[in-house]
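Visitor: the following comprises the amino acid sequence and a computationally predicted model.
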Amino acid sequence: MSEFLLSPALLAASISAVVLAIISWTVSVVGLFSARTRVALRIVAGAAILLALVVIAARFVVLGG
């Protein structure tokens with residue numbers, strides 16, 4: 001499990017997920033889509049940010065700081 005968390009590719013994917021989630025959130029706020037689509041984008045963005053932050057936090061816990 002620790003080898004998985006130490007993977008640089010996983011860290012890069014987590015950071016990319018945060019960036020894509022922020023873009024998704026921004027698009028949903030701008031209002032280019034219907035209300036249901038905007039809500040779905042916000043949910044997906046929030047979930048992606050949460051998951052990525054959990055992975056990043058777990059990585060730092062495994063590394064010890």
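Guide: That came through, no problem.
Visitor: contacts, neighbours, all on C-alpha from now
Guide: OK.
Visitor: list the contacts for L32?
Guide: With contact set as C-alpha atoms under 8 Å, 6 or more residues apart in numbering, L32 has no partners.
Visitor: tell me the spacing between it and L20.
Guide: With the distance defined as C-alpha to C-alpha, to the nearest Å, L32 ends up 17 Å from L20.
Visitor: same check, this time on A58
Guide: 20 Å.
Visitor: ok, which stretches of this protein are strands?
Guide: Ranges of strands within the chain: none, based on DSSP state E.
Visitor: got a pLDDT number for I22?
Guide: On pLDDT, I22 comes in at 80.
Visitor: make that L5, sorry
Guide: The model's pLDDT for L5 equals 59.
Visitor: same check on G31?
Guide: At G31, pLDDT is 70.
Visitor: and it, how far from S24?
Guide: The value you get for G31 to S24, if C-alpha to C-alpha is used, is 11 Å.
Visitor: all helices of the protein, in order?
Guide: Along the chain, the segments classed as helices by DSSP state H run 2-5, 8-30, 35-63.
Visitor: shouldn't I15 be in contact with A52?
Guide: Yes. Contact criterion C-alpha atoms under 8 Å: I15 and A52 qualify, at 6.9 Å.
Visitor: which of these two has more neighbours?
Guide: A52 (22 against 17; other C-alpha atoms under 10 Å).
Visitor: related to what we said a few turns ago, what do I15 and A52 both touch?
Guide: Common neighbours of I15 and A52 (C-alpha under 8 Å, 6+ apart) do not exist.
Visitor: straight-line length of stretch 26-36, end to end?
Guide: OK, stretch 26-36 end separation, C-alpha to C-alpha: 15 Å.
Visitor: now F33, what are its backbone angles?
Guide: phi -120, psi 180 (degrees, to the nearest 10).
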